[in-house]
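Undergrad: what follows is a predicted structure for the sequence shown.
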Amino acid sequence: MALIKDIAQICKSKNAGPFYITIDVLFEDHTLYRQVKETGVLSPALFATLYGVEEKDVLFTPYDTAAAFKATLPRAIPAGDLGDTDVYGAQQHAPLLDVDIPLPG
């Protein structure tokens, strides 16, 4: 098992407009990326669970050429609205960091 924070080169989030967040997970090693992809752990279902949204509302795309995953999902509170604690969406990737990936030994 390996945590995303230990194996991904980059894991970041940002606004995708005021109503959506985009989360990117990038790998430097294409072999490692393929191993992660083959587990199926990074999926719309995972993002829906972690962020409390409907799975149908998660746009999830693996980018094989870039060894990256991208997920776009609705924000719970629009950017800058009353109660928003992360106007830029820059800290929304945190729940993903401790996700365990079952990699081959």
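TA: Arrived safely.

Undergrad: so which residues of this structure form helices?
TA: 4-7, 30-39, 44-51, 94-97 (DSSP state H).

Undergrad: to the chain's geometric centre, what's the distance from the third one?
TA: Here the centre of helix 44-51 is set off from its chain's centre by 9 Å, with Cα atoms, centre = their mean, to the nearest Å.

Undergrad: residue nearest the centroid of the chain?
TA: Nearest residue to the geometric centre of the chain (Cα atoms, centre = their mean): residue 23, 4.2 Å.

Undergrad: these two touch, right, it and residue 68?
TA: No. Residue 23 is beyond contact range of residue 68, at 10.7 Å (criterion: Cβ atoms under 8 Å). Yep, even glycine has a C-beta here, placed from its N, CA and C like the rest.

Undergrad: check the residue in the chain sticking out farthest from the centre and give its pLDDT.
TA: Most distant residue from the mean C-alpha position of the chain: residue 82, 24.7 Å away (Cα atoms, centre = their mean). Looking at residue 82, its pLDDT is 95.

Undergrad: one more: residue 104?
TA: pLDDT, residue 104: 83.

Undergrad: roughly how far does the residue lying closest to it once chain neighbours are set aside sit from residue 84?
TA: Closest residue to residue 104 apart from its sequence neighbours, by Cβ to Cβ, 6 or more residues apart in numbering: residue 35 at 6.5 Å. As judged by Cβ to Cβ, to the nearest Å, residue 35 and residue 84 stand 36 Å apart.

Undergrad: of the helices of the chain, which is nearest residue 15?
TA: Among the helices of the chain, the nearest to residue 15 by Cβ to Cβ is helix 44-51 (14.3 Å).

Undergrad: the protein: strands as residue ranges?
TA: Assigned by DSSP state E, the strands in the chain fall at 2-3, 10-15, 20-26, 59-63, 68-74, 100-101.
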